[in-house]
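Student: Provided below are the primary sequence and the corresponding predicted coordinates.
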Amino acid sequence: YPIIPVPVMSRIFSYSAYRSPSKLKFAPFGSVSLYATASSNILARSSSMTGMVYKHGAMGALPIGHYGLMNLENINVQEEISDNYDSMLHVYPSKNMDYSILSEDEKAILEKVIAKFKNFKAKDIVDYMHEEKAYKETAAGEIIPFSLAKEIRAF
């Protein structure tokens, strides 16, 4: 898998937050949207946009080191408490972010993922991911092979 430079990941997060109608909740939206973005890119171009490896987690496909992603340069992330007192990481658009590093194809894939999940609540996103073949065919903690990403449900 290719190594994706930090500026690309920062821009993927910021672009998704910028184009989302509400706060981008990293958990679970960020992890599911990253997986859907990577999977959609695999279908379109036979490679992962993010270059990350995902594992089967309680809330869905989680990139390995997902909490570390929130420490990337230029990510505007805030820890907030949900209505039921759970800690959530919310990503906000970064000021003065240059999105020209993202290709038009990559932006189109991000737009498709955002459009699909924009009105989903956290539980809806988790339930959606739990129905993916990649989730059903792996055990808790197991790495999700990209061969299963090719079987993501169409949206």
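Tutor: Happy to help now that I have it. Being a predicted model, the structure only gives us computed values, none of them experimental. Numbers count the residues shown, from 1 in each chain.
Student: Adjacent strands (with direction) for the host helix or strand of residue 89?
Tutor: Using DSSP states H and E, residue 89 sits in strand 87-92. Here strand 87-92 is paired, per DSSP bridges, with strand 24-25 (antiparallel), strand 76-81 (antiparallel).
Student: ranges for the helices of the protein?
Tutor: For the chain, applying DSSP state H gives helices covering 6-19, 31-45, 66-69, 104-117, 122-130, 133-136, 146-149.
Student: Pipe these into a markdown table and attach mean neighbour count per row.
Tutor: The way it works is simple: take the backbone N, C-alpha and C, and place the C-beta from them, glycine included. Shown next, in a markdown table, are the helices of the chain (neighbours: other Cβ atoms under 10 Å):
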| stretch | mean neighbour count |
| --- | --- |
| helix 6-19 | 21 |
| helix 31-45 | 22 |
| helix 66-69 | 16 |
| helix 104-117 | 17 |
| helix 122-130 | 16 |
| helix 133-136 | 16 |
| helix 146-149 | 16 |
